[in-house]
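Colleague: Okay, here's the prediction I keep looking at, along with the sequence it came from:
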Amino acid sequence: MNHTFQDSAFGFQRRPGVALPLAGALILVLAAYCVLPAVYFVKAAPPANVQPRPVGVVTDTPAITITTAAATTSATPTTGAREAQVLWTFGAVSGTYTTCTVQAKTSYDGANFLSLGSPVTVTATTGAVNAWTIIEQLGTNSVTTSTASSTAALGFGQVTAFTFSCSSYGTAAPVNISVIYR
């Protein structure tokens, strides 16, 4: 029993059985449109030998001139860093450098530097490669408060630099430095 109704004001005829199938078809088309594009964004896993780089990695090559018993690198912005992988490779060293260390220094205000970790003993001879890692300390509780210090920091500040020092030194120790901050 299909009745036709006429709206007297506008002259429209309504058929009750037509609206529901049209609404159902519209919903199916919209659902298919929303689901199908997701198939196009599926990506294959990278090969096993590919290591993705994490977001926030900063690679730096701070400058330094070593001609005396002590020298300091240029400072690098390290806000947000939690670790550093450091590589010092010496070129053609002139003279003898003995008992040499490198100390990481960080600053929270850009002016006052505090020691970060312990000094690292390095070999300053022609062709010597020295690599080490600096990792911030993690607390054992959800909140850990360190002892206040005017000389040592437990984490990376606004900028970080390295101080090189030796007990005896030659005339030149050219070095290439590479630091990866994460």
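Modeller: That came in fine, so what should we check first? Residues are numbered from 1 along each chain as shown.

Colleague: Residue ranges in this structure under the pLDDT threshold?
Modeller: 1-20, 32-56, 138-142 (pLDDT under 70).

Colleague: Strands of that one, residue ranges please.
Modeller: Shown for the chain, the strands assigned by DSSP state E span residues 5-6, 13-14, 58-60, 70-72, 76-77, 83-90, 98-107, 113-122, 129-135, 152-153, 159-168, 175-181.

Colleague: Dump the ones you listed into CSV; add distance to Pro21 and mean neighbour count as well.
Modeller: For the C-beta atoms, the positions are set from N, CA and C on the backbone; glycine is no exception. Formatted as CSV, the entries for the strands of the chain read as follows, by distance: least, CB to CB, whole Å; neighbours: other CB atoms under 10 Å:
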stretch, distance to Pro21, mean neighbour count
strand 5-6, 18, 10
strand 13-14, 15, 10
strand 58-60, 60, 15
strand 70-72, 79, 14
strand 76-77, 63, 18
strand 83-90, 62, 19
strand 98-107, 70, 19
strand 113-122, 71, 17
strand 129-135, 65, 14
strand 152-153, 71, 16
strand 159-168, 68, 19
strand 175-181, 62, 18
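
Colleague: Save those as a markdown table, and put in distance to Leu26 too.
Modeller: Below are these laid out as a markdown table (distance: least, CB to CB, whole Å):
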| stretch | distance to Leu26 |
| --- | --- |
| strand 5-6 | 23 |
| strand 13-14 | 18 |
| strand 58-60 | 51 |
| strand 70-72 | 70 |
| strand 76-77 | 54 |
| strand 83-90 | 54 |
| strand 98-107 | 61 |
| strand 113-122 | 63 |
| strand 129-135 | 57 |
| strand 152-153 | 62 |
| strand 159-168 | 59 |
| strand 175-181 | 53 |
